[in-house]
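J.: Would you be able to build a 3D model of this:
(2 chains)
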Amino acid sequence: MTKRLLQGNQAVALAAVKAGLDFYAGYPITPASEILHELVNKKTVKVLQMEDEIASINAIIGSSLAGAKSMTATSGPGFSLMQESIGLAHMMEIPLVIVNVQRVGPSTGMPTFPAQGDILQCKYGSHGDYFPIVFYPNSVAELYEFTFNAFNASEESLSPVILLSDSYVGHLYETIEETDYPISKRTLAPLGTSNRHFTGLTHADSKPATSDPEVHKNFIKHLEAKQKKVSKKYNSYEYIENNESDTLLIAYGAMSRVAYDFKEDFAIYRPVRIFPIVEKIKTIAKKYNKIVVMEMNTGQYANEVERLLHREVKLLPILGGKIDLKEIASKLRRIKKKK
Amino acid sequence: MSEKVILAGLGGQGMMLLGRLIAQAVMLEEKNVTFFPSYGAEVRGGTAYYHLTVSDEEIFSPVIEEADALIMMNFPSYLKFKDLLKPGSMLFVNSSMIDKIDNEANIDVFRIPATKIANDIGNVVASNMVMLGAYNQVKNLVSIPIFLSCLKNVLKGRKEPFFEVNKLAIERGADFIKNF
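T.: This next block holds a predicted model:
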């Protein structure tokens, strides 16, 4: 096994190639551009720079239909533009990988600074009901591994899988072991091989069925069951128990790297598959009186956790892209003291 | 063993390349390393700074709050990071571009005229390597032969003629400390 020093974004590109990526379409955006730059030089991947993110996602939907393993990468502003077609991909059951290297928003925000503001956008950004699988690794080695997982989960669930990152992990250089993980095969028959009709309309047996509520109900049920089943294979989380502490600190992605510095004083829980939420949190949370979610937004994941656990969750928002350990330590101390 | 270094300078002064090469070299020596770049939206002329952590243990947060060493290439960088020095830290400054330094007890200061030394050997761009030579002479963090092999990998093809001047720059930096 070869050891390599790679940037998070480079690790994603390398793993994507190894996972069998055939086609990449994207529009450059800080802090995700390095993924495009890396892939342009790979001989086994066809790369198209599109005119924008809407074109990019539609291009990869088309290529995936035609049988190519497809990916795009972007940041918050581009991810917003992709939302409509993400819904289309769920409706048509198209395997895709979408990498979102988050930066400070809303809008153009702070392009070179990290944030975690796209958490809810991943789950609820498109209209209608869908159940996306979302991974959020916190190191370069993990980004490498979960790029494989994202491709595999997308093939197994026939749905677009989102790989979240942020400009902190995406730009960080760390060591990885260049492992070849197992790869799931394509099960979707390529375009032109059977008599099918692909549509964003509610459909049954490849035919539009837009006036029968039962068909739609069953279709949504089918989507939910499918995503649940596949995501069970990827129950990824990290839990550092602390019997001395009455407080559970929840953090993911960039913030979890910071959270480790407080493991003497807190128990730490880090979801890697952030959606569908790993149910294990329910049993872990029972052990602790207080739950704190530290995230680089104003409480997007905290609300989801609160809703799942049916109890109060304290929030520690870290905004503006600056990670100041001293400031975080004093805020955590204050939360710990409060009854 | 744990070493936390902040490298900072103007975009174009080669701190990115230097940090990445150090990270690569220590990785080959089986140490854990994180290299965390931060830069503004501009590239050339903007501030660019890099947090480099090398350790035998697992590294959690790659952001440095208290540095063991600062390698500062220009004055604005020094102003930005001087508060991260702690007693016992070492400060390496490019004295060609930084002349005023606060008097601080318990901090070892090394003033290296890196830009001038690099200019004297014929390539001002190699000032980053002068700083490495000086830093490593004191700290002995990386093995220079391994570092040079990493550098050789980067300077391929068209850039190959620049290898020798970089190597010389490292030696001159080390010599400067020997005669300090």
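J.: What ranges does the stretch 151-300 of chain A have for its helices?
T.: With DSSP state H, counting those that start in this stretch as the criterion, the stretch 151-300 of chain A has helices at A:167-171, A:213-232, A:254-259, A:280-285, A:300-309.
J.: Flag every residue of chain A that's near chain B.
T.: Neighbours of chain B within chain A, by CB under 8 Å from any CB of the partner chain: A:3, A:5, A:30, A:111-112, A:168, A:171-175, A:257-258, A:260-261, A:323-326. C-beta coordinates here come from the backbone N, C-alpha and C atoms, glycine included.
J.: Out of those, which sit inside strands?
T.: Members of the residues of chain A next to chain B lying in strands (criterion: DSSP state E): A:3, A:5, A:173-175.
J.: Contact partners for the residue of the stretch 51-200 of chain A with the smallest separation from chain B?
T.: Using CB to the nearest CB, the closest approach of the stretch 51-200 of chain A to chain B is made by A:Tyr173 at 3.8 Å. With contacts taken as CB atoms under 8 Å, 6 or more residues apart in numbering or on different chains, A:Tyr173 has the following neighbours: A:5-7, A:140, B:20, B:23, B:33-37.
J.: from these, which has minimum pLDDT?
T.: Note: of the contacts of A:Tyr173, the lowest pLDDT belongs to B:Pro37, at 89.
J.: Report the contact partners of that residue.
T.: Residues counted as contacts of B:Pro37 (CB under 8 Å, 6+ apart) are A:171-173, B:16, B:19, B:48-50.
J.: Put the buried members of those residues into a ChimeraX selection.
T.: Buried residues within these, by 16 or more other CB atoms under 10 Å in any protein chain shown, are selected in ChimeraX with:
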select /A:171,172,173 /B:16,19,48,49,50
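J.: And the furthest pair within the contacts of B:Pro37?
T.: Largest separation among those by CB to CB: A:Leu172 and B:Ala48, giving 15.2 Å.
J.: ok, and for the longest helix anywhere in chain B, which residues are buried?
T.: With DSSP state H setting the assignment, residue counts place helix B:163-178 as the longest helix in chain B. Neighbour-count burial for helix B:163-178, counted by 16+ other CB under 10 Å, picks out B:166-174, B:176-177.
J.: quick one on the thing from earlier: buried subset of the residues of chain A next to chain B as a ChimeraX selection?
T.: Buried subset of the residues of chain A next to chain B, written as a ChimeraX selection, criterion 16+ other CB under 10 Å:
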select /A:5,30,111,112,168,171,172,173,174,175,257,258,260,323
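J.: What segments of the stretch 1-150 of chain A are helices?
T.: Using DSSP H, counting those that start in this stretch, helices in the stretch 1-150 of chain A cover A:8-18, A:33-40, A:53-65, A:76-92, A:119-124, A:140-157.
J.: avg pLDDT for the first one?
T.: Going back to what we said before, that points to helix A:8-18. pLDDT averaged over helix A:8-18 gives 98.
J.: counting contacts, what elements does it pack onto?
T.: helix A:33-40, strand A:70-74, strand A:96-102, helix A:140-157, strand A:160-166, helix A:167-171 (3 or more CB pairs under 8 Å, 6 or more residues apart in numbering or on different chains; DSSP states H and E).
J.: swap in the shortest one?
T.: Using 3+ CB pairs under 8 Å, 6+ apart as the contact criterion, the secondary-structure elements in contact with helix A:119-124 are helix A:76-92, strand A:160-166, strand A:273-275, helix A:300-309.
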